[in-house]
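> quick one: sequence plus predicted model below, questions after.
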Amino acid sequence: MNSKILKDFIRSNGYAWPGGYPCALLMADGEVIDAQAARENFKQIVFAMRHPEYWDRQWSPVEVFIHWEGGPLYCVHSNREIPSAYGEVLRGGRLMETIWYAEALCREPSGRVVRKQISHNLPHRAAAERVVAEAQGKYLLVSVVQGVGRAAKVCPACSRALEFRASRPMRCACEKM
């Protein structure tokens, strides 16, 4: 991300052009902020972009994205609501859940940097943050991402996603047999 994209996001007041869809700024720690919070903290964000080795990850921007559908997001700095473009997601007449997953940037042997999902659909943020903490040294950048879908079952003891097997009940390795 460069400062031109950041300035365009701030000048647009958080709406994409053309279309007028609501946008948010994803930070390196996985949180989102709105355009007004980005304007208020512009100097800190630009300093974090120019000197990533000297600054906390919470002010390093990753990308500006359009919040297409799902429940509203909340700015972590000001707690202002960032509405979605199309509202809550209904599939088959059912309201879909908010899910969390961990995503990483990794370098392929060819040198190309790619985005990779490193966890399944988790029902709460704490489980995704645990995956991120375990993967910190293995990838260039690891972050928690919020989405919409059907969440995987999670072990109540250790917050790990359980594998679904139709032939056997779901069990976690931490559970005593």
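Nice, I can see it.
> strands along the chain, start to end?
Secondary structure of the chain (DSSP state E): strands located at 23-27, 32-33, 61-66, 73-74, 81-82, 90-91, 94-95, 97-107, 113-117, 141-149.
> least reliable of those by average pLDDT, please.
The minimum mean pLDDT among these belongs to strand 94-95 (a mean of 56).
> Cys75 reaches Met27, doesn't it?
No: contact criterion CB atoms under 8 Å: Cys75 and Met27 do not qualify, at 10.6 Å. (Each C-beta comes from the backbone N, C-alpha and C, glycine too.)
> who touches both of those two?
Contact criterion CB atoms under 8 Å, 6 or more residues apart in numbering; residues shared by Cys75 and Met27: Ile33.
> break this structure into its domains for me.
Following the assignment in automatic domain parsing, the chain carries domains at 1-88, 90-177.
> among those, where is the model least confident on average?
Per-stretch mean pLDDT for the domains of the chain is lowest at domain 90-177 (a mean of 63).
> list the contacts for Glu108?
By CB under 8 Å, 6+ apart, the residues touching Glu108 are Val114.
> again with Gly14
Contacts for Gly14 (CB under 8 Å, 6+ apart) come out as 22-24, 34-36, 82.
> measure the closest residue to Cys75 other than its chain neighbours to Gly87 for me?
Nearest residue to Cys75, sequence neighbours excluded (CB to CB, 6 or more residues apart in numbering): Asp34, at 4.3 Å. For Asp34, the distance to Gly87 (CB to CB, to the nearest Å) stands at 18 Å.
> okay, now Arg112: neighbour count?
By the criterion of other CB atoms under 10 Å, Arg112 has 8 neighbours.
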